[in-house]
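sequence below, structure please.
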Amino acid sequence: NRETERLLEKNRKLAEENNHTRRQLTMHKEAEGELAKRNHAYLKTIQSLIAKLKAVETVKKDMERGGKNKEESVIAQYRMRMKLLQDTVEESYEQLEVLRQENEDKQSEVSRLHAIKEDLGMAILQSAEEAKKNFSGISA
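Residues are numbered from 1 along each chain as shown. Prediction:
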């Protein structure tokens with residue numbers, strides 16, 4: 001009887017732990033989805049900046065065909081803009097790399113939680129089998 005109570009208490013604790021793990025897993029999945037959204041947004045920003053950079057290069061080429069006096073001033077302006085765009089692209093790539101690392105960390109955590117869930121499930125099943133054996137041994 002004490003053994004059954006102990007096993008029931010252990011089973012209850014494992015069930016609580018399993019529920020807690022499931023909640024954590026749900027939170028990690030939500031975080032992963034949010035990271036994927038941010039990743040997508042950053043990629044769109046990068047693509048947009050690359051398109052703007054190409055447009056600047058095209059304008060620069062057009063300006064090279066134009067007058068020499070205006071050209072130096074315009075080129076200097078576009079170089080400044082290009083530098084700004086390059087810095088922005090580099091920052092975006094750095095942010096993207098950070099997000100990728102965070103995503104990998106979350107994936108690892110999700111995998112770990114899956115393993116814990118499986119271990120808990122096995123422990124609960126084993127505890128139930130032990131309780132069943134003990135109970136049948138007591139009643140026999």
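
worst-scoring helix or strand of this protein, pLDDT-wise?
helix 68-139 (a mean of 84; mean pLDDT, DSSP states H and E).

show residues contacting stretch 118-135.
Residues from elsewhere that reach stretch 118-135 (Cβ atoms under 8 Å, 6 or more residues apart in numbering): 3-4, 7-8, 10-11, 14-15, 17-18, 21. All C-beta spots, glycine's among them, are computed from the backbone N, C-alpha and C.

out of those, which are buried?
For the contacts of stretch 118-135, a neighbour count by 16 or more other Cβ atoms under 10 Å gives the buried set as 7, 11, 14, 18, 21.

and the residue nearest the centre of the chain, what does it touch?
Closest to where the C-alpha atoms of the chain average out (Cα atoms, centre = their mean) is residue 103, at 2.6 Å. Applying Cβ under 8 Å, 6+ apart to residue 103 gives the contacts 32, 35-36, 39.

how much space between it and residue 39?
The gap separating residue 103 from residue 39 is 7 Å, by Cβ to Cβ, to the nearest Å.

for residue 25, give its distance to residue 99.
As for residue 25, its distance to residue 99 is 21 Å (criterion: Cβ to Cβ).

ditto for residue 16
Counting by Cβ to Cβ, the separation of residue 16 from residue 99 is 33 Å.

and what of residue 6?
47 Å.

likewise for residue 27?
Going from residue 27 to residue 99 by Cβ to Cβ gives 18 Å.

now, the contacts of residue 103 that are in helices?
32, 35-36, 39 (DSSP state H).

need those residues in JSON lines with neighbour count and distance to residue 63, can you?
Shown next, in JSON lines, are the ones in helices among the contacts of residue 103 (neighbours: other Cβ atoms under 10 Å; distance: Cβ to Cβ, whole Å):
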{"residue": "32", "neighbour count": "16", "distance to residue 63": "46"}
{"residue": "35", "neighbour count": "17", "distance to residue 63": "41"}
{"residue": "36", "neighbour count": "12", "distance to residue 63": "41"}
{"residue": "39", "neighbour count": "16", "distance to residue 63": "36"}
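
return the member of those nearest to residue 89.
Closest approach between these and residue 89, by Cβ to Cβ: residue 39, at 15.6 Å.
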